[in-house]
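**Q** no sequence for this one, just the structure:
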């Protein structure tokens, strides 16, 4: 008699994943599962769930790079198991970071001698870079005040209300008062004159943005520098400038080389830029460059004995992957100056194509300027029946993710839709987007309005119907939630 | 006459040129300035790849706790997620959901007092450094609020830890203006002494930080004892000083190997715990977790609220944009391995560590200072005190075989001790352990050989010249006045103040 052999429980390799019992059990959400499952099943289950995420390349909300060349992907995967902080063990990787810092410092016209090494650091993103720069300013200011015998317990920082959320984080976590210069209708960046007015003896620095989050505009850093120069001469406070060039840092040097915004201006003491925006690297890398050693207080630096030599470090994070640093170096040597310039010119042209397409529909006002980060921010000319949030929702059906935001104070009544043009957003995609927006407008026109109707001009005080009350409550709640500094998408 | 045709180097032809035949590998690489021209992607890849050959092999890096190997299926998920910006919660709701699941799973692993369907309070970070800074910030803010409410000064916060803490605690202290009070180590006790720590607590102490898995010896500190002593002191003083457990390494070991050990939220004074996903969480570098006991421990004014799919998504991180890959990889590991899988991996690590321990003891030259209970690593010193400098030499010698085994001097007050440390990770199996031992034997032989035939002994001789002896025919006479041996002194170079490379 032939004895049939039972397949053992663990011999699941013969079963295809979708034939196995693993796809029948519910996923652990709150507790660790007791037993292991085969790696193929684990891969498939997670991969399938992730299919419901948005498509990164259609995510027009983000400045962060979503495509790199396959050669670079290869380098990234090869380095995925290198812990960046083990400088002793991976000296070449550390050397690559140093080279990137030097290249970027030179790009920003840092005043360096022929063989002088630049002062800067690679970070996980502009948030960390800004916190380090802010910390350096705070410490310098404290030391100065202490030496003068003056109180140093109430530092403040002056920025525009258009700053990205990480400045507010810095202020809250490091106990610095945030003084925001309010925007106004038609002027959506920090006004240099108002900013300099607000500077006082407790100001640790004034932060200007090159590439405002909301409409991509470059702030006038030169004017700020000149006004601050005058004030500093009068008061003797020596208030410095930090330029948050998270987006603009890799655009201005290539598209607008005459624009003076970097270390060419004497009061600019540090600059941060996101490698993962127009530095053309995947999420997870930023750079912070200081003008020179004096601007970085020694007590903040930790010294590591690296191959017998001293390697100074100044970061918030310790262990992290090396892949993005290597990818950044790849991009810098692969493209060189001409390559970056070509890419930025392409982005700019595609932004113009999109802008013109939108203008031709006759339904939109363009809020972004031509000069600046390649993005198009636009709002509806007529908001009485439908608003920008509905357009954003309906575009999702086509696969596009186009966010809608209200401007910060004092321009909260302005809502914009924003499309960011990244390296891989080609002309064909731009034309398709315009077509899809036209389709959305057509569909919206046919739909009844969801917005509360304007109050009747008559004197009757009509009691609101339940539906109307509900609508106005929802509107108010939506406005309230959005009013807090929300998803400051970077 | 045939006109020669000059090829423009930007031609497509150039792109298909063989890299090592092209001019790209002869031109000097731009090091400090951005090059003017682009180069082909194949050349860029090859140039960087070749330079990186000179980095050490990550898997032979026995200095690090950080994971250096994952299954190919996970590598696939990582590459697929590499272009997802984690901060875009709205656009990638599933990825955000995976983070929330990881937080909940880890919180329950640490016995956080949450109901079955209640959401745990925690966050994914880039590593334990960020996690510790967030936890410290929460403690500082809580303490400040309490002091302000009581009308007391809140300008001199301090934190009590052992001198064996990893460098990021010192960073936290320096950057967030908190005084660091370190409990010094002593011979035979290489971790924080709970009695001494509690003695140092005063009204300005924002928390006491205990380590589960000391960086230097892998030992678990006695958190239970600390809790009991601190509870007694709190009852006397009313200061309500809490505990934070830095379980960077131990957090993914203790629940599987030592489930009875009480170190987590089972102890009432433990208010937050951090663990590195990229150590024994078995994920590549770039993910850590911090869990709070409950909502009350995390002051509301530190939290930023994001409108996420119409619902409120509270966030509390230092970094904003970062990759999603490591979060996805962490969930993969939790799902793939489950409780039994993690336990099996940890048990294997302990066995390899045991093999190493026994092998090193058998050589008769070393004292093992790591304990058997703790993180799977072996920390050892040379037995004889004269051979302290040999630790560094052995470390260099082992590099020749490809192994990276760091040698450290212990922190205050044990700076005279030099320790070698081998960390056993998931991918360090018995075959590698045995090969490592044989290399240690060979390295020791080499060192002994060098010491024996060693440097020519030096002597300093003081001679007095005098008039020649009568009738000797000599011009002068010499008399040895003093003869002394010159002993080479090994001095270790101390680095600029403070904690240096606290390898995590």
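**A** Yes, it's here. Keep in mind that this is a model prediction, so the values were computed, not measured. Residues are numbered from 1 along each chain as shown, chains lettered A, B, ... in the order given.
**Q** Could you list the domains of chain A?
**A** Chain A breaks down into these domains under the TED database: A:74-335, A:337-446.
**Q** got it, and chain B?
**A** B:11-55, B:74-337, B:349-452.
**Q** which residues touch the residue lying closest to residue B:30 once chain neighbours are set aside?
**A** With C-beta to C-beta, 6 or more residues apart in numbering or on different chains as the criterion, residue B:30 has its nearest non-adjacent residue at 6.2 Å, and that residue is residue A:333. The way it works is simple: take the backbone N, C-alpha and C, and place the C-beta from them, glycine included. Residues in contact with residue A:333 (C-beta atoms under 8 Å, 6 or more residues apart in numbering or on different chains) are B:29-30, B:35, B:39, B:44, B:47-48.
**Q** possible to save those as a markdown table with distance to residue B:359, secondary structure and neighbour count?
**A** Putting these into a markdown table (distance: C-beta to C-beta, whole Å; DSSP: H, G, I helix; E, B strand; the rest coil; neighbours: other C-beta atoms under 10 Å in any protein chain shown) gives the following:
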| residue | distance to residue B:359 | secondary structure | neighbour count |
| --- | --- | --- | --- |
| B:29 | 44 | coil | 14 |
| B:30 | 48 | coil | 19 |
| B:35 | 51 | coil | 20 |
| B:39 | 49 | coil | 24 |
| B:44 | 45 | helix | 25 |
| B:47 | 42 | helix | 20 |
| B:48 | 39 | helix | 23 |
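**Q** Determine which two of these are furthest apart.
**A** Farthest pair in those (C-beta to C-beta) is B:35 and B:48. Separation: 13.6 Å.
**Q** just to revisit the earlier point, highest mean neighbour count out of the domains of chain A?
**A** Greatest average neighbour count among the domains of chain A goes to domain A:74-335 (a mean of 21), per mean count of other C-beta atoms under 10 Å in any protein chain shown.
**Q** end-to-end on that one?
**A** Terminal residues of domain A:74-335 are spaced 17 Å apart (C-alpha to C-alpha, to the nearest Å).
**Q** pLDDT of that domain, averaged?
**A** For domain A:74-335, mean pLDDT rounds to 91.
**Q** Residue A:195 contacts residue A:181, doesn't it?
**A** Yes. Residue A:195 lies in contact with residue A:181 (C-beta atoms under 8 Å); the separation is 5.0 Å.
**Q** shared neighbours, those two?
**A** Both residue A:195 and residue A:181 are in contact with A:158-160, where contact means C-beta under 8 Å, 6+ apart.
**Q** ok, of those residues, which one's closest to chain B?
**A** Among the shared contacts of residue A:195 and residue A:181, residue A:159 lies closest to chain B (C-beta to the nearest C-beta), at 16.2 Å.
**Q** and the closest one, helix, strand or coil?
**A** Assigned with DSSP: H, G, I helix; E, B strand; the rest coil, residue A:159 falls in the strand class.
**Q** and the gap between it and residue A:224?
**A** With distances taken as C-beta to C-beta, to the nearest Å, residue A:159 is found 11 Å from residue A:224.
**Q** okay, and the common contacts of these two?
**A** The contact sets of residue A:159 and residue A:224 overlap at A:195, A:206 (C-beta under 8 Å, 6+ apart).
**Q** The helix or strand hosting residue B:420 pairs with which strands, parallel or anti?
**A** Taking DSSP states H and E as the criterion, residue B:420 maps to strand B:418-423. Strand pairing for strand B:418-423, using DSSP bridges, gives strand B:377-382 (antiparallel), strand B:407-409 (antiparallel).
**Q** gap between that strand and the chain center?
**A** From the chain centre to the centre of strand B:418-423 is a distance of 13 Å (C-alpha atoms, centre = their mean, to the nearest Å).
**Q** Give me the residues contacting the helix or strand just after that strand.
**A** For strand B:418-423, the following helix or strand on the C-terminal side (DSSP H and E) is helix B:430-452. Residues from elsewhere that reach helix B:430-452, judged by C-beta under 8 Å, 6+ apart: B:62, B:351-352, B:355-356, B:359-360, B:363, B:365, B:390, B:393-394, B:397-398, B:400-401, B:403, B:422, B:424.
**Q** Give me the buried subset of these.
**A** Buried by 16 or more other C-beta atoms under 10 Å in any protein chain shown: B:62, B:352, B:355-356, B:359-360, B:365, B:390, B:393-394, B:397-398, B:403, B:422, B:424, out of the contacts of helix B:430-452.
**Q** what are the ranges of the helices in chain A?
**A** With DSSP state H applied, chain A shows helices at A:39-50, A:70-78, A:91-107, A:126-148, A:165-173, A:192-198, A:221-235, A:252-255, A:323-361, A:388-397, A:427-446, A:466-483, listed in chain order.
**Q** before we move on, the earlier item: can I get the domains of chain B in a markdown table including distance to residue A:174?
**A** Formatted as a markdown table, the domains of chain B follow (distance: least, C-beta to C-beta, whole Å):
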| stretch | distance to residue A:174 |
| --- | --- |
| domain B:11-55 | 32 |
| domain B:74-337 | 7 |
| domain B:349-452 | 28 |
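**Q** Return the member of those domains having the minimum mean pLDDT.
**A** Ranked on mean pLDDT, the bottom entry among the domains of chain B is domain B:11-55, at a mean of 78.
**Q** List the buried residues of stretch B:118-131.
**A** For stretch B:118-131, the neighbour count (16+ other C-beta under 10 Å) marks B:120-131 as buried.
**Q** can that stretch be found next to chain A?
**A** Yes. Stretch B:118-131 reaches chain A (C-beta under 8 Å from any C-beta of the partner chain) through B:120, B:126-130.
**Q** Return the two entries of those that lie farthest from one another.
**A** For the residues of stretch B:118-131 next to chain A, and using C-beta to C-beta, no pair is farther apart than B:120 and B:129, which are 21.6 Å apart.
**Q** Run the chain-centre distance for stretch A:216-228.
**A** Distance of stretch A:216-228 from its chain centroid, counting by C-alpha atoms, centre = their mean, is 20 Å.
**Q** Same check on stretch B:269-285?
**A** Put simply, stretch B:269-285 sits 12 Å off its chain's centre (C-alpha atoms, centre = their mean).
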